[in-house]
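Colleague: Provided below are the primary sequence and the corresponding predicted coordinates.
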Amino acid sequence: MSASLDDLFVYFKIPWVDGVVPIKMWSFHNVDHRTNNTSEAYNLRFATRLSRKHPNIWSFTQLIQSEHARFEHILIQLDAGASAPEPSTKAKAFQLRLDTLYNRFHEKEINAKELLSSLSLLIGKKKIITFYYIFYSLSSFFFLLLIKTVLIMDQGYEFVVPTFFFSSFHLHLVLINYLHF
């Protein structure tokens with residue numbers, strides 16, 4: 001191992017592994033409730049209600065007061081027997097897929113590489129689908145442009161075909177190879 005890689009491991013180990021904060025405080029392994037999602041949702045809600053990057057002291061104070069009142073109302077509702085909101089169908093489906101992957105890994109049905117690959121597909125699913133449709137649209141556009149170029153060349157006009165024109169089939173193969181790595 002190189003010296004710089006050793007330095008990186010030492011840098012990571014001192015504050016995180018052997019540091020003041022125990023691993024179970026920052027590692028969410030085998031934890032159903034991912035606290036980071038809750039805090040991220042709250043931060044987004046707070047920033048949205050703030051509605052500007054640099055508020056003045058008065059608008060910030062009003063926001064803090066309204067958040068405190070909201071928190072007090074939630075506490076009263078919980079004390080009166082109200083239950084936490086039910087997770088959405090989408091969140092339940094995501095959690096089920098996540099649990100299934102971890103169970104398959106713990107029962108040795110899949111190895112670590114397959115687990116990481118599956119997790120990346122599970123978490124990045126929307127991005128991959130969007131990426132696919134963008135490339136599909138672009139490949140169709142380039143394919144039609146290539147056909148138009150060939151037709152122009154057949155009519156005797158001189159036209160240089162740029163090298164970035166791909167057929168739809170070729171671009172799909174590039175995309176499939178990209179998504180598997």
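Modeller: Received it, and whenever you're ready, just let me know what you need.

Colleague: Residues in contact with the helix or strand containing F71: which ones?
Modeller: Take DSSP states H and E as the rule and F71 turns out to sit in helix 57-79. Helix 57-79 has contacts (C-beta atoms under 8 Å, 6 or more residues apart in numbering) with F46, R49, L50, R52, P55. All C-beta spots, glycine's among them, are computed from the backbone N, C-alpha and C.

Colleague: Tell me where the protein has helices.
Modeller: Assigned by DSSP state H, the helices in the chain fall at 3-12, 23-26, 35-50, 57-79, 89-106, 112-123, 125-154, 168-179.

Colleague: Go through these and find the least confident stretch.
Modeller: Here those differ in mean pLDDT, and the lowest is helix 168-179 at a mean of 44.

Colleague: who touches F105 in this structure?
Modeller: N111, A112, L115.

Colleague: Could you identify which of these has the most neighbours?
Modeller: Neighbour tally across these (other C-beta atoms under 10 Å): the maximum, 16 neighbours, falls on L115.

Colleague: follow-up on the earlier one: just put the contacts of F105 in JSON lines and tack on distance to I74.
Modeller: Compiled in JSON lines, these are given as follows (distance: C-beta to C-beta, whole Å):
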{"residue": "N111", "distance to I74": "44"}
{"residue": "A112", "distance to I74": "41"}
{"residue": "L115", "distance to I74": "37"}
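
Colleague: Can you get me a residue count around A82?
Modeller: 10.

Colleague: pLDDT wise, what is it at?
Modeller: 88.

Colleague: ok so, going back, any chance of the contacts of helix 57-79 in CSV with neighbour count and distance to A82 as columns?
Modeller: Formatted as CSV, the contacts of helix 57-79 follow (neighbours: other C-beta atoms under 10 Å; distance: C-beta to C-beta, whole Å):
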residue, neighbour count, distance to A82
F46, 12, 22
R49, 11, 22
L50, 13, 27
R52, 9, 33
P55, 13, 31
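
Colleague: Please consider this matter closed, and thank you.
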